[in-house]
Structures are given as C-alpha cells and as structure tokens.
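**Student:** my questions concern the predicted model and sequence given below.
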Number of protein chains: 2
Amino acid sequence: MDYRGKFMVKPGEEVKLSKIDPDETFKTDKDAETLELTAKYTKELTELQNHLYAENRHSLLIVLQGMDAAGKDGVINHVLAPLNPQGCRCQPFKAPTELELAHDFLWRVHRAAPRKGEIVIFNRSHYEDVLVQRVHNLVPKEVWSERYELINDFEKLLWKSGTTIVKFFLHISEEEQLKRFKQRLEDPERNWKISQSDYSERTYWDEYRKAFEEALSRCSFNHAPWYVIPSNHKYFRNLAISQILADTLRDLDMQMPPCKVDLEKIRQEYEQAAETIRRKKQSGHL
Amino acid sequence: MDYRGKFMVKPGEEVKLSKIDPDETFKTDKDAETLELTAKYTKELTELQNHLYAENRHSLLIVLQGMDAAGKDGVINHVLAPLNPQGCRCQPFKAPTELELAHDFLWRVHRAAPRKGEIVIFNRSHYEDVLVQRVHNLVPKEVWSERYELINDFEKLLWKSGTTIVKFFLHISEEEQLKRFKQRLEDPERNWKISQSDYSERTYWDEYRKAFEEALSRCSFNHAPWYVIPSNHKYFRNLAISQILADTLRDLDMQMPPCKVDLEKIRQEYEQAAETIRRKKQSGHL
C-alpha cells in the first residue's frame, strides 16, 4: 500500500474530514507483520538520516498537527525517537511569548527551521496561527485569512533552499479523543498533565475541524504536502507515517559525499604512528 | 560498584591521566549481565527524565569531552538516544562563528543552557576554550589561564538556578585512538568523515593531555563534578555513564507535581460528553 498516494491532500482539493474514516487501517492488524514493517521503515529512516547528515544538502521539516490527544507526542516517541539525536531536533510551539508577539507570526517559526543535514519536528507549528487563533478570535478575520498565502510563500522559500516539508494531520474521532482523555484520568502518573482546557477546548471541536479543513485544503502542494493520517489506531498511524517519511527521504536519492583526503597517505601515516607507539611501549614510555 | 565515587575528580585533586588505566573495567565483561545492567540504568534514566520534565524545577547539563574518537558520539547514540527527544537536546560546539567570536567565550554556551525540565548534552563545550585554544595558541596564555575561574563562576550560576551539571572525560589510550581511526579508514560508509586534522591533531596528544589535566583538576566540584571514564572498552564506558547519570538524577528526589484540576468534576464532564456523543451517533449525526 502506498500511503503517500492514499493520504496526501491533492493540491487544490477541498478536504472534508467527515468523509475520511479515522478508523481506517486498510485491513492491517496490530500483528507481528505490521509491527515488523513499521520497524523496517523506522530502521530505513535512521539510515537515510545518516545520508541526509553526510550529504549536507537537504533538510527535512516534519509538521505534526491534530486535535488534543491526537497522538503528536506518540508519533515523536514511536516513529521519530530512534533517529540520531545529534541530527534531529524537536521544536514545540506553545502560546507565543511577548517577544514573539512583537514580530510577524512566522518569525519564531523561521528561527526554528532546520539547517542542512538536519531533521526538525514541529510539535504544532505556524498552522496554529490559522487554528487556535482563528477559533478563539485571537486575531481578526482580516488577519488570519491572509495567513494561508503567507504560509504558502514561507514554505516555498524553505523548499527552494533545500528543505523537504512533510505535514501530518493526525485524524481522530471525537469519541477516540474522549477515550484517550479518560485514560489520562485513570493513570495517576499522568494526572498532573490534565488541564481544564483539555475539556473546554473539546467543545470547539466543530470550529477546529472547519479551521483544519481550510488549512489542509489551501496549503497542500507537491513540494509541501499535507497528509491526513487516520489515527484512531496508533499502530496504523505509526506504520503510515514511518512509510511516508522513508519514501520521502528515499526519493531525495542522496549520495554519500566523496572522501576529502588521500586515504593511502593517511593509511601510511597511521602505520608509522602505530610503529611509534609500539616502540614507546617497548621502551616503557607508555 | 559505585562509579560516581570511583571516577569523580575530587575537588582540589591533581589529576594525572597516566595514572588512570583507560582499559579499566573492574572485572566486568561484555556479557549479558553487563548489558542488562546498562539497559536497566538507561531505562531508569528515561523514567527519571519524565519526572524531571513533569516537576519542571531542575535541569540536567551533560558535558562530553575527550580526544578525537574517544566516543562522544557513541555515548550519545547508546546511552542518551533512548531519552525522550522532546525533553532532550544535543548541542555540538564547533569552531566559533564570527558572531560568537565577537562575544565573550561563554556567550554561545550560555544561550545553549538547558531550561527547567530539560536535559541538554554538550558535545564538546566551553572547555574547548581551555583545550584547543590553549594547545594551538589561539589566544594568549594570559587569556586562557583566566578562563578556569570564569568557567567555575559560570557553572556555579547555572547550578544556583537548578541545573545539575555532570561532566565526562572519556579517557582512551593513544593506541585505542589509532585503532578507531583505522576502523574508520576501513569502513567506506565513514570514509567521508576522515579529515587531515584527525591525523594532525594526534600529534598534539601530550599537549592535549596536559590541558585536560589542568581543566579536570581546576574545575571539578561537588556541584559540577568531572568524571574520568575509562573508555577503551565501549561497553564499560556505557555502563559507567548510565549508572552515574541515573544515580545523579535519582538523588534529586523529584516529585510528580500535584494535579491542577478537580478530577471528579472532569470525570463527570467526560461522562456527559460521552453521553452526548452516544446520542449524536444514534441520531446519525456522527
């Protein structure tokens, strides 16, 4: 199954989330086969990351969005944690600070963009500026309605400079969200995380859905696609995302850079150094 | 075995690296028992990280230093990669940029310090300013010789604000370094990493050792200790470091924060929400 083809929002397509089943699994089960396949893609991803780092030409920006409890943290823990932490960075976006608010809405986002060779994961992103800000009227409609185009321009700039952008909307049902909230409630280790807003934000479900639909419809391009990932089943979400990321990086057709030095000469130098150490050792100086 | 007690540089102690055996393993073998013990500490570390994050009072700064090929990347890959990437950041320090050089030497370091709840790993650090800068005379002796005190003051500032600092010197022999360089030479996947400076820096071995000895001797305190880790054997290095880190975090005696909300009220609200969803479903609206 080619999940990129299945889940990508085609440029210009009008997304209707009610038409996309968050329970979809394409007949995969949470069995050994599925878990092995996910592990295979995850392993390939770490190898491709090594090439990305070595080649130092491309970078990868992964955007994670979704309702509360949709699984953004879960994706980071299960799919992305195996990446080498030296070439991978997680960037959360919370309510903007005073300094951030004193700039345009993309300022803090641009500062967090990946450098060449790096993978950066946005846990929430600049899309919050057309989601929470729209739903709660934090800025007037004249302001947020112009942001789609500004976002598209911004992402084109990143893409033109070698950044591959992949955006995931983790699609869960209201029922599944409630189930996950209840699980948090029953787990004493996670009680401290529960805030009143978990509950109050729920009541804006329909407004958020509308806001997501507009963002997904207006901001998906071949160079910066949105994928709507059915995410009620975590194992399937992980499978689909790991496949999409591996496919995306594989397509960059990266090459290991050539060796910068004369290996033969270095080899000879090492032989000499080894000989020196041997002699030092024999004479008791080491 | 208490590796903290064994390997910590006692405040005021004069370190002689030639007296510390880089092959030391305290009779542990690379067997199932050792690997399980390392895995146990690593697992504990991820749990303690969760508490660190939840409590949001402390932060942890891990400094990794050592000769080239001493295993800094290896420690990150094996001991620290399992940490949750959302609360953990790797910060490499390379040759300073023009902007960084236009500031005091601790400016770029301070910017990279961990926030509360966060673990930050310095791959090299401000100690390079009394190592490479000293060995290659990049600054005059009057400048670098005053830095030890400035470093101690800086680390005290971090400590006073809730940052636990743990510094590891990965101690390998010249022979082991050469062996590892040769392995890189024989591995085509890693050939691109080899630079002429790998070889040329080797010839400064004694100068680096002297510079390390002074830094270790002058900058180890109970609140910001240096540990000299025998690192010729990678499995032992990983065991010792994972134990020291777990012991250090455990000693912080962190508490999960109290719940911020009235759980009973939230539970009732969820029951009502679940009922609403059930009714919506029955009436075909979901």
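**Tutor:** Right, received. Where do you want to start?

**Student:** in the helix or strand containing A:S200, what counts as buried?
**Tutor:** Assigned by DSSP states H and E, A:S200 belongs to helix A:196-202. For helix A:196-202, a neighbour-count test (16 or more other Cβ atoms under 10 Å in any protein chain shown) marks A:D198, A:Y199, A:E201, A:R202 as buried. C-beta coordinates here come from the backbone N, C-alpha and C atoms, glycine included.

**Student:** Three-state assignment for A:K167, please.
**Tutor:** Following DSSP: H, G, I helix; E, B strand; the rest coil, we place A:K167 in the strand state.

**Student:** which residues does the residue lying closest to it once chain neighbours are set aside form a beta bridge with?
**Tutor:** Counting by Cβ to Cβ, 6 or more residues apart in numbering or on different chains, A:K167 lies nearest to A:V63, which is 4.1 Å off, once chain neighbours are set aside. Assessed by DSSP bridges, A:V63 has beta-bridge partners A:F122, A:K167.

**Student:** now do the strands in the stretch 1-150 of chain A.
**Tutor:** Per DSSP state E, counting those that start in this stretch, the stretch 1-150 of chain A carries strands over the ranges A:59-66, A:88-92, A:119-123.

**Student:** now the ones you listed as CSV including mean neighbour count?
**Tutor:** Formatted as CSV, those follow (neighbours: other Cβ atoms under 10 Å in any protein chain shown):
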stretch, mean neighbour count
strand A:59-66, 24
strand A:88-92, 20
strand A:119-123, 22
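
**Student:** what's the domain layout of chain A?
**Tutor:** Per automatic domain parsing, the structural domains of chain A span A:3-255, A:262-286.

**Student:** quick one on the thing from earlier: and the helix holding A:S200, what does it pack onto?
**Tutor:** helix A:174-186, helix B:263-282 (3 or more Cβ pairs under 8 Å, 6 or more residues apart in numbering or on different chains; DSSP states H and E).

**Student:** circling back to that earlier point, which stretch among the domains of chain A comes nearest B:E149?
**Tutor:** For the domains of chain A, the distance to B:E149 is smallest for domain A:3-255, at 31.1 Å, taking Cβ to Cβ.

**Student:** can you give me the end-to-end distance of the closest one?
**Tutor:** 25 Å (Cα to Cα, to the nearest Å).

**Student:** what about that domain, average pLDDT?
**Tutor:** Across domain A:3-255, pLDDT averages out at 96.

**Student:** report the distance from it to the chain centre.
**Tutor:** Centroid separation for domain A:3-255 versus its chain: 5 Å, with Cα atoms, centre = their mean, to the nearest Å.

**Student:** next: stretch A:251-262.
**Tutor:** 25 Å.

**Student:** and that stretch, how far apart are its ends?
**Tutor:** 31 Å.

**Student:** and that stretch, does that touch chain B?
**Tutor:** Yes. Judged by Cβ under 8 Å from any Cβ of the partner chain, stretch A:251-262 and chain B are in contact via A:M256, A:P257, A:P258, A:C259, A:K260, A:V261.

**Student:** and that stretch, what's buried?
**Tutor:** In stretch A:251-262, counting by 16+ other Cβ under 10 Å, buried: A:L252, A:M254, A:C259, A:V261.

**Student:** from those, which single one is nearest chain B?
**Tutor:** Closest approach between the buried residues of stretch A:251-262 and chain B, by Cβ to the nearest Cβ: A:C259, at 4.3 Å.

**Student:** contacts only, for the closest residue to the closest one other than its chain neighbours.
**Tutor:** Distances taken as Cβ to Cβ, 6+ apart put B:N191 closest to A:C259, at 4.3 Å, once the chain neighbours are dropped. B:N191 sits next to A:C259, A:L263, B:R184, B:L185 when contact means Cβ atoms under 8 Å, 6 or more residues apart in numbering or on different chains.

**Student:** please apply the same query to A:F181.
**Tutor:** A:D68, A:A69, A:I194, A:D198, A:Y199, A:R202, B:Y270.

**Student:** if anything else comes up later, I'll come back, but that's it for now.
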